[in-house]
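Enquirer: All I have is the shape, not the residue letters:
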């Protein structure tokens, strides 16, 4: 059975619940648990990184996180109880001397924000964070992103092309006077209405993550979603619809957030720099390898989803669609130059400028000295690692 709740809505609800954060003690003496004892390859993380690198993802396993599951695809151990995948960390087919553990987010952690989780459990070294999320929690849970697995966010607004053949962009929905369903608390929607791309009177925050309203509206309503998932799901899995949808990425409408970046606690950047210097290029290489050959990691993802049984459905066809659509839509690829995973600081500044007044008007307390450099850094990016044309 497919679950019809959206990770975007869960993130919006979770961000509203961020309050005081109690930091726990760090487990600096953690030891590898996989038992793998093979030879260490050309990248040795053993002397500079934790024995087990713990990553808190932002949602259930899916191909957007394929570069992470690719790291553990050689010898994965799926734990349905803790909803995690762990094992020896391999880079480009070679053992690195440490383990990695990838923890599911969303329903697995009660829809708690990743930033909050990172400050409650210091065993977590890396977390999956969107740029606007980092802005909103910059006072209570500051994080700095070190790797951008996606060039664009797959966040989109979709509509029925048969009902609205004249609609080619999100802005065209304004003239069409189409109702646009979304989850309350989404900063991108405040941007779309505040900039006049959409009218406040046409947007509806009652979207509950199910296809019921979209289907019942018979194509007259537009709806938020992710280009890597919903187009496939609505065409092939929603029996009451079973036809294509059209869409535009919110990024292409002017909201340039970085989605699901790999971030660390800002205060830990210095102490973890030796590890990050070696680890971030491993993440870059893994994304390149995954996009070129996704089957092994996708199998781990699909098997983990089945084992976790959270109500989230994700099959092989969906995983394959996700990779193809991310490549076709330019969701994944090289960043500002020939490297994969780097940040455009001007773009980080732009999302900061867009979201600060949005969050301020909502009463969100942000760090007073917040700068693009505190939100994201290219310090650890290897400029020689990227996709080749």
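Expert: Looks like it arrived, so ask away. The shown structure was predicted, so the numbers you read here are calculated from the model rather than taken from an experiment.
Enquirer: tell me the helices in the stretch 1-150 of the chain, going along the chain?
Expert: Listed in chain order, the helices of the stretch 1-150 of the chain (DSSP state H, counting those that start in this stretch) span 7-16, 66-71, 114-120, 131-136.
Enquirer: what helices or strands is the third one leaning on?
Expert: In terms of contacts (3 or more C-beta pairs under 8 Å, 6 or more residues apart in numbering; DSSP states H and E), helix 114-120 is packed against strand 52-56, strand 124-129, helix 131-136, strand 261-265. Quick note: C-beta positions are derived from backbone N, CA and C, even for glycine.
Enquirer: redo that, cut-off 6 Å
Expert: In terms of contacts (3 or more C-beta pairs under 6 Å, 6 or more residues apart in numbering; DSSP states H and E), helix 114-120 is packed against strand 124-129.
Enquirer: Hey, what's the angle from the strand it packs on to strand 261-265? Just curious.
Expert: Taking axes from the mean of the first three to the mean of the last three C-alpha atoms, to 10 degrees, one finds strand 124-129 and strand 261-265 inclined to each other by 130 degrees.
Enquirer: How about the contacts made by residue 373?
Expert: In this structure, residue 373 makes contact with no residue, judged by C-beta atoms under 6 Å, 6 or more residues apart in numbering.
Enquirer: Just give me how far the helix or strand harbouring it sits from the chain centre.
Expert: Using DSSP states H and E, the secondary-structure element containing residue 373 is helix 372-375. Using C-alpha atoms, centre = their mean, to the nearest Å, the distance from the centre of helix 372-375 to the centre of the chain it belongs to is 18 Å.
Enquirer: For the helices of the stretch 1-150 of the chain, which has the smallest mean pLDDT value?
Expert: Among those, helix 7-16 carries the lowest mean pLDDT, a mean of 49.
Enquirer: Not counting residues beside it along the chain, what's closest to the residue at minimal distance from the centre of the chain?
Expert: Averaging the C-alpha coordinates of the chain gives a centre point, and the residue nearest to it by C-alpha atoms, centre = their mean is residue 260 (2.6 Å). Here the nearest residue to residue 260 in space, its sequence neighbours aside, is residue 128; by C-beta to C-beta, 6 or more residues apart in numbering that works out to 4.7 Å.
Enquirer: That neighbour and residue 378, how far apart?
Expert: Plainly put, residue 128 is 18 Å away from residue 378 if you go by C-beta to C-beta, to the nearest Å.
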